[in-house]
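# Structure for the following, please:
(chains A, B, C and D)
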Protein chains: 2
Amino acid sequence: MTARILIVEDELAIREMLTFVLEQHGFVVTAAEDFDSALDMICEPYPDLVLLDWMFPGGSGIQLAKRLRQDEFTRQIPIIMLTARGEEEDKVRGLEVGADDYITKPFSPKELVARIKAVIRRSSPTSLEEPIDVQGLMLDPISHRVTVGDQVLEMGPTEFRLLHFFMTHPERVYSREQLLDNVWGTNVYVEDRTVDVHIRRLRKAIEPSNHDRLIQTVRGAGYRFSTRT
Amino acid sequence: MTARILIVEDELAIREMLTFVLEQHGFVVTAAEDFDSALDMICEPYPDLVLLDWMFPGGSGIQLAKRLRQDEFTRQIPIIMLTARGEEEDKVRGLEVGADDYITKPFSPKELVARIKAVIRRSSPTSLEEPIDVQGLMLDPISHRVTVGDQVLEMGPTEFRLLHFFMTHPERVYSREQLLDNVWGTNVYVEDRTVDVHIRRLRKAIEPSNHDRLIQTVRGAGYRFSTRT
DNA sequence: CAGTTTTATTACAAAATTATGATCATAAAC
DNA sequence: GTTTATGATCATAATTTTGTAATAAAACTG
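You can find the predicted model right below:
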């Protein structure tokens, strides 16, 4: 599935717990602890879902939710609210503002993951599961396979995620740091240069069909997936 | 992003630390150590953000902030105040004067950068990321590319930044020194004449489509990017 | 017009950045 | 408990970029 999830939660313990659980289940996780850094992380490339603590400092969750719903680009990002037991009113308000679902603390990891998957499935029947075709290079998230015609291209899991990210975010430079955040997940400490190596492997994997030209080096800036020269 | 930031801070150590951190993150940094030189650097071309120490000699930060808010041209430049812990009153006054945010020392580089990005995004949601088109010459900061029609123009990182600066500050002469400050960043020791060479390279890069005529030599003064003859 | 100043151009070596292959550690599979 | 994959780093090669200096060309000055 490899959806990218943004967690907005001020309590460190809960944030880490959520991060751990979701990463266990194969999500790429980004975490923010306050309003500002959340806004910061909400910019392109957008997460596939936002997990939002209801009450957190620097602006309540409701404000952030409203903000997301105002901007046309973020409007469609599904939101799941985390609420404490008994805040029944909040639930109502949350759903009014446009949250797609809510979960009451405490909750089980199982429930959390189930709801997340449900919401994602519901909201983006396409973008995450639909096969992507760029100039004959086909990536099918469901069968988890990359093909050109009926030729299957072999690559490692990281290369697959990297390619997937690129194909869903074309025509845009990403720094090594950004790629690490979006493909590896944040809170991973990995050398910048490691990206180079995986770029190399990905290029080699899609080289036979000449699609390696789609992965372009932008000197001093990072890499870009583009169909233009 | 390539935003230009002016730091106003009297303590050398902090000034250097801030400069270092921000340059690491790709900002172009200018630094002033007192009121006068700050005013000096505040003239056109305006920075995209001012990072202002609250208490600094030759006029407190509040005065500078007020001054910036008075002038119609500088009014919209976002300001972030640096305050020492415990100066709670000051924070309030700072925000009254029109600071967009404040950071309490000591702070982490991560927080600093996050706040700066948040403030910049809030204040100029576009100008830094929007593609610029001047007579068919297109510069797209997002894909980090310069095109004419569907022809891609190749150039080095410095030429790209130089062109970006020109396109966002047209119809105005800039001395070599000013160009160095705004495109290379201050605290770089580079020969004046080096600008000539990069102008040459930039002209050569955009020559195929005849856009090199936009970069005009102003003898005795510097260079200008202009659509007029 | 000759002399002076300023800019244009070219060439080149140093510096910075990226590419690539090999290695080692670790996790997954058998 | 091996064997096999996979992933991160390191080391080194290959490229690109950059600053400077040297020279040519152009633009002023008187």
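
# got the domain boundaries for chain A?
Using automatic domain parsing, the domain parsing of chain A gives A:4-123, A:132-225.

# okay if I get those domains as TSV plus mean neighbour count, distance to B:Ile79 and mean pLDDT?
Placement of C-beta: from N, CA and C, glycine included. Putting these into TSV (neighbours: other C-beta atoms under 10 Å in any protein chain shown; distance: least, C-beta to C-beta, whole Å; pLDDT from 0 to 100) gives the following:
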stretch	mean neighbour count	distance to B:Ile79	mean pLDDT
domain A:4-123	18	16	78
domain A:132-225	16	27	91
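
# what residues does chain A put near DNA strand D?
Residues of chain A lying near DNA strand D by C-beta under 7 Å from any atom of the strand: A:156-159, A:184, A:188-191, A:193-194, A:197-198, A:219-220.

# Helices of chain A, residue ranges please.
Per DSSP state H, chain A carries helices over the ranges A:12-24, A:35-41, A:61-70, A:88-97, A:109-123, A:157-168, A:176-179, A:194-206.

# Select, out of those, the one closest to DNA strand C.
Among the helices of chain A, helix A:194-206 comes nearest to DNA strand C, with 4.1 Å by C-beta to the nearest atom of the strand.

# For A:Ala3, see how far away A:Asp48 is.
The gap separating A:Asp48 from A:Ala3 is 4 Å, by C-beta to C-beta, to the nearest Å.

# next one: A:Glu177
Separation of A:Glu177 from A:Ala3 (C-beta to C-beta) stands at 21 Å.

# same thing with A:Ile77?
Taking C-beta to C-beta, one finds A:Ile77 at 11 Å from A:Ala3.

# same check, this time on A:Asp192
Taken as C-beta to C-beta, the span from A:Asp192 to A:Ala3 is 25 Å.

# go on, A:Arg115?
Distance from A:Arg115 to A:Ala3, counting by C-beta to C-beta: 13 Å.

# again, but for A:Leu214
Taking C-beta to C-beta, one finds A:Leu214 at 23 Å from A:Ala3.

# got the residues of chain A near DNA strand C?
A:193, A:196-197, A:199-200, A:203-204, A:217-222.

# Contact partners for A:Ile199?
By C-beta atoms under 8 Å, 6 or more residues apart in numbering or on different chains, the contact set of A:Ile199 is A:Leu162, A:Ile215, A:Tyr223.

# Turn those residues into TSV, including distance to B:Leu64.
Listed next are the contacts of A:Ile199 as TSV, based on distance: C-beta to C-beta, whole Å:
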residue	distance to B:Leu64
A:Leu162	46
A:Ile215	47
A:Tyr223	41
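
# From those residues, pick the one nearest DNA strand D.
The closest of these to DNA strand D turns out to be A:Leu162 (C-beta to the nearest atom of the strand; 9.6 Å).

# quick one: that closest one and A:Ala205 touch, right?
No: assessed by C-beta atoms under 8 Å, A:Leu162 is found out of contact with A:Ala205, at 10.1 Å.

# Which residues of chain A lie near chain B?
Of all the residues in chain A, those in contact range of chain B (C-beta under 8 Å from any C-beta of the partner chain) are A:36-37, A:39-40, A:43, A:171-173, A:218-221, A:224, A:226, A:228-229.

# hmm, who's touching stretch A:140-153?
Residues outside stretch A:140-153 that contact it (C-beta under 8 Å, 6+ apart) are A:1-2, A:128-132, A:136-139, A:155, A:160, A:163-164, A:205-206, A:208-209, A:211.

# So which of those residues sit within strands?
A:Ile132, A:Leu137, A:Met138, A:Leu139 (DSSP state E).

# Does the third one touch A:Leu163 like I think?
So the one you mean is A:Met138. No: counting by C-beta under 8 Å, A:Met138 does not reach A:Leu163; the two are 10.9 Å apart.

# Kindly provide the distance from A:Glu129 to B:Leu68.
51 Å.

# go on, A:Ile7?
For A:Ile7, the distance to B:Leu68 - C-beta to C-beta - is 37 Å.

# ditto for A:Asp196
Separation of A:Asp196 from B:Leu68 (C-beta to C-beta): 43 Å.

# Now whatever residue of chain A ends up closest to chain B, what are its backbone angles?
Going by C-beta to the nearest C-beta, chain B is nearest to A:Gly220 of chain A, at 3.6 Å. Phi and psi for A:Gly220, reported as degrees, to the nearest 10, are phi 80, psi 0.

# Spit out the contact partners of it.
Taking C-beta under 8 Å, 6+ apart as the test, what A:Gly220 contacts is B:Pro157.

# and what of A:Met55?
A:Met55 makes contact with A:Gly61, A:Ala84 under the criterion C-beta under 8 Å, 6+ apart.

# Much appreciated, bye for now.
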